[in-house]
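> Predicted model, plus sequence, below.
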There are 2 protein chains.
Amino acid sequence: MDLILQSIAKHVTLTKEEQKTVIDAFVMARYPAKTILLKEGEVCESSVFVLSGILRHYIINDQATEHTISFAAQGWWVADMYSFLSQNPGNSYIEVIEDSIVMSLSREKQLELFDKVPKMERYFRVLIERSLVANQQRLMDNLSLPAEVRYTRFLERFPEIKYCLPQKQIASYLGVTPEFFSKMKKKMLTGK
Amino acid sequence: MDLILQSIAKHVTLTKEEQKTVIDAFVMARYPAKTILLKEGEVCESSVFVLSGILRHYIINDQATEHTISFAAQGWWVADMYSFLSQNPGNSYIEVIEDSIVMSLSREKQLELFDKVPKMERYFRVLIERSLVANQQRLMDNLSLPAEVRYTRFLERFPEIKYCLPQKQIASYLGVTPEFFSKMKKKMLTGK
DNA sequence: CGGTCTCTTGACGGAGTTCAAAGCTAGTGG
DNA sequence: CCACTAGCTTTGAACTCCGTCAAGAGACCG
């Protein structure tokens, strides 16, 4: 529960009073594995900050194949940004992979917070900036690197969770089929 | 020159005085085609807002192939976000495609602006949010759509500039080789 | 003009997909 | 606690999309 204050403290310094205002804007929640927090067609009313557990954010495209946008473990934020920002129905899913405790912040409360505690606007600006940089990097990696290298990057980026995910979810993050991912892993162990 | 104020006005309302403070933070510049504004290894000291002309932001990977991160025409911003935010050397290039007039904002001035005119922090937050959403969408498109469909999306996204770019640059945005792009275009005209 | 850069075209190769079948794991209910 | 099922993983063969290499045909500029 202090984790969110620690995360904020990395970027801006809040007074005790501001800290209270911030905490009051959140709602704590606990979800068991397999809970679907958000479905296609729904409005993403809240961003969630993960205190413990693991979540996954993904889309299902026209050919009914899943593509993982991101995983979120302790200390990470997750939301369908398009839907959260616009409050229009989104096209993505958010699902709980391992029993999780989260702090969720509604869009309404967030906008209030921006006015009451301007430092929070800075905090979120910096988060989004970093997120954008990471996302651009991932896009470039996908355009120029083979799946094997993307896999090693994935392992570096998500060390906490790499062992507790089903392979098909890793494959869907890398952008390959589970079949190909299986063969690739074998090749990386034996052939190489 | 008013274009930047119009862009800002879409998201926040500035007083006359604030408008002046904002304008004063920028430096105008004019560059002929083929000017390289930023090279790999350099620090991206400024973000630029395009008044007229066209710019391109790209990387060159280990195999010496180019990948276009983005194009920027009138009313768009462009910068190497990683380098601009961290003020560390970046790994990307920014080049002028057609003679351009830009307003450039140094990182230093931007940070001053955030404090002097907090509404500008909001303006940039919103810009970055949109940029992130667009980037996530592009990543998902790249993972799940064939090059032909990505090309039609490209045409929708950059209608102003689609006819004044060399094909190899479009190919490098889509993530295919110029050779394949050439064959694909032919097929889309004849075969289809 | 002449040279450089871009675009086209073709043959071949490789990374990744699809489909299908079989083995494996783990959750679930009796 | 076992048996069953449903989903996950592995494997293989055929196939597709796209890359590489190479050569020729424009096109643009000095």
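All right, it came through fine.
> use CA for all of it now, contacts and neighbours both
OK.
> which helix is the longest one in chain A?
Across chain A, the longest stretch assigned as helix under DSSP state H is helix A:118-144.
> same question for that one, mean pLDDT?
For helix A:118-144, mean pLDDT rounds to 97.
> Going toward the C-terminus from the strand or helix carrying residue A:99, what's the next helix or strand?
Element membership for residue A:99 (DSSP states H and E) is strand A:92-106. Downstream of strand A:92-106, the first helix or strand assigned by DSSP H and E is helix A:107-116.
> relative to strand A:92-106, how tilted is that next one?
Angle, helix A:107-116 to strand A:92-106, by axes from the mean of the first three to the mean of the last three CA atoms, to 10 degrees: 40 degrees.
> Which stretches in chain A count as helices?
For chain A, helices defined by DSSP H occupy the ranges A:3-9, A:16-25, A:81-86, A:107-116, A:118-144, A:147-157, A:167-174, A:178-189.
> Using a markdown table, please lay out the ones you listed together with distance to chain B and mean neighbour count.
What follows is these, written out as a markdown table (distance: least, CA to the nearest CA, whole Å; neighbours: other CA atoms under 10 Å in any protein chain shown):
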| stretch | distance to chain B | mean neighbour count |
| --- | --- | --- |
| helix A:3-9 | 16 | 15 |
| helix A:16-25 | 18 | 14 |
| helix A:81-86 | 6 | 19 |
| helix A:107-116 | 9 | 15 |
| helix A:118-144 | 5 | 19 |
| helix A:147-157 | 12 | 15 |
| helix A:167-174 | 9 | 20 |
| helix A:178-189 | 14 | 13 |
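> Generate TSV for those, with distance to DNA strand C as supplementary columns.
Formatted as TSV, those follow (distance: least, CA to the nearest atom of the strand, whole Å):
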stretch	distance to DNA strand C
helix A:3-9	29
helix A:16-25	34
helix A:81-86	25
helix A:107-116	33
helix A:118-144	9
helix A:147-157	4
helix A:167-174	8
helix A:178-189	4
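> Need those helices in JSON lines (columns: distance to residue B:67).
Formatted as JSON lines, these follow (distance: least, CA to CA, whole Å):
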{"stretch": "helix A:3-9", "distance to residue B:67": "34"}
{"stretch": "helix A:16-25", "distance to residue B:67": "41"}
{"stretch": "helix A:81-86", "distance to residue B:67": "25"}
{"stretch": "helix A:107-116", "distance to residue B:67": "35"}
{"stretch": "helix A:118-144", "distance to residue B:67": "7"}
{"stretch": "helix A:147-157", "distance to residue B:67": "17"}
{"stretch": "helix A:167-174", "distance to residue B:67": "19"}
{"stretch": "helix A:178-189", "distance to residue B:67": "25"}
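> re earlier: relative to the whole chain's centre, how far out is the longest helix of chain A?
Mean-position distance between helix A:118-144 and its chain equals 12 Å (CA atoms, centre = their mean, to the nearest Å).
> and that helix, what does it pack onto?
helix A:107-116, strand B:66-72, helix B:81-86, helix B:118-144 (3 or more CA pairs under 8 Å, 6 or more residues apart in numbering or on different chains; DSSP states H and E).
> As a markdown table, these with distance to DNA strand D would be great.
Output for these, formatted as a markdown table (distance: least, CA to the nearest atom of the strand, whole Å):
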| stretch | distance to DNA strand D |
| --- | --- |
| helix A:107-116 | 31 |
| strand B:66-72 | 11 |
| helix B:81-86 | 25 |
| helix B:118-144 | 9 |
